[in-house]
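Trainee: what shape does this take:
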Amino acid sequence: MNDRRLHQLFEIGILMKGAHAVIECIGGLMLALIGTQTITSLVQALTQDELIEDRADYIANTLLHFAQTFSVSTQHFYAFYLLSHGIVKLALVAGLLAGRLWAYPAALAAMGLFIAYQLYRYSYTHGIGLIVLTVFDLAVIWLIWREYRVVRAAAARQGAG
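Mentor: Residues are numbered from 1 along each chain as shown. Okay, the predicted model is just below:
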């Protein structure tokens, strides 16, 4: 694959990370501002028709159980987690897209920590989504590392010239 195509993949991966960060920030803000009773009512409204049709519907029952046992402390944790995670990723995405040298090693370190946490969570949940996210993150880490080498080499050439 040529350098131009790899740079495009880098930009696409970073933009996808940025979009995900925006969604995390919105989700965190919504969790911070919406009460647990509102969450329970919303889930009940969303699952009501499905449960009338099939009382044993696994997804609807799981969502309803989750909403009914969703505590205020859990809500605060997830609001903080999503907001902090999203803000960190937005700052890193902005730095990477601007070509700031500090952003590359910072992004590599942060994503490495995110992957470690995802694998830790996977050991408890066995959620396939965590594996998919981890594989995507590993690909983005490789693209960041590769781009960092290119940007650093260009900066060294400019400094020497």
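Trainee: would you map the helices across this protein?
Mentor: Listed in chain order, the helices of the chain (DSSP state H) span 3-33, 36-53, 58-68, 72-97, 103-125, 128-160.
Trainee: put together TSV for those, with mean neighbour count on each row.
Mentor: For the C-beta atoms, the positions are set from N, CA and C on the backbone; glycine is no exception. Listed next are these as TSV, based on neighbours: other C-beta atoms under 10 Å:
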stretch	mean neighbour count
helix 3-33	15
helix 36-53	13
helix 58-68	14
helix 72-97	16
helix 103-125	15
helix 128-160	14
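Trainee: can I get those in a markdown table including mean pLDDT?
Mentor: Below are the helices of the chain laid out as a markdown table (pLDDT from 0 to 100):
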| stretch | mean pLDDT |
| --- | --- |
| helix 3-33 | 93 |
| helix 36-53 | 87 |
| helix 58-68 | 86 |
| helix 72-97 | 91 |
| helix 103-125 | 92 |
| helix 128-160 | 90 |
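Trainee: quick check: the residue most central in space within the chain vs residue 148, distance?
Mentor: The centre of the chain sits closest to residue 20, judged by C-alpha atoms, centre = their mean, with a distance of 5.2 Å. Residue 20 is 21 Å from residue 148, where distance means C-beta to C-beta, to the nearest Å.
Trainee: and stretch 66-86, how far out from the chain's middle?
Mentor: 15 Å (C-alpha atoms, centre = their mean, to the nearest Å).
Trainee: C-alpha coordinates for that stretch, CSV please?
Mentor: Provided in CSV are the C-alpha atoms of stretch 66-86 (Å, rounded to 0.1, in the frame of the first residue of the first chain):
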residue,chain,number,x,y,z
PHE,A,66,-30.5,-2.9,33.3
ALA,A,67,-32.6,0.2,33.5
GLN,A,68,-34.4,-0.9,36.6
THR,A,69,-31.1,-1.7,38.4
PHE,A,70,-29.3,1.4,37.2
SER,A,71,-28.2,3.2,40.3
VAL,A,72,-27.3,6.9,40.7
SER,A,73,-23.7,6.0,41.5
THR,A,74,-23.5,3.9,38.3
GLN,A,75,-25.0,6.8,36.4
HIS,A,76,-22.4,9.2,37.8
PHE,A,77,-19.6,6.8,37.0
TYR,A,78,-20.6,6.3,33.4
ALA,A,79,-21.3,10.0,32.9
PHE,A,80,-17.8,10.8,34.2
TYR,A,81,-16.2,8.0,32.2
LEU,A,82,-17.8,8.9,28.9
LEU,A,83,-17.1,12.6,29.3
SER,A,84,-13.5,12.2,30.4
HIS,A,85,-12.8,9.6,27.8
GLY,A,86,-14.5,11.7,25.0
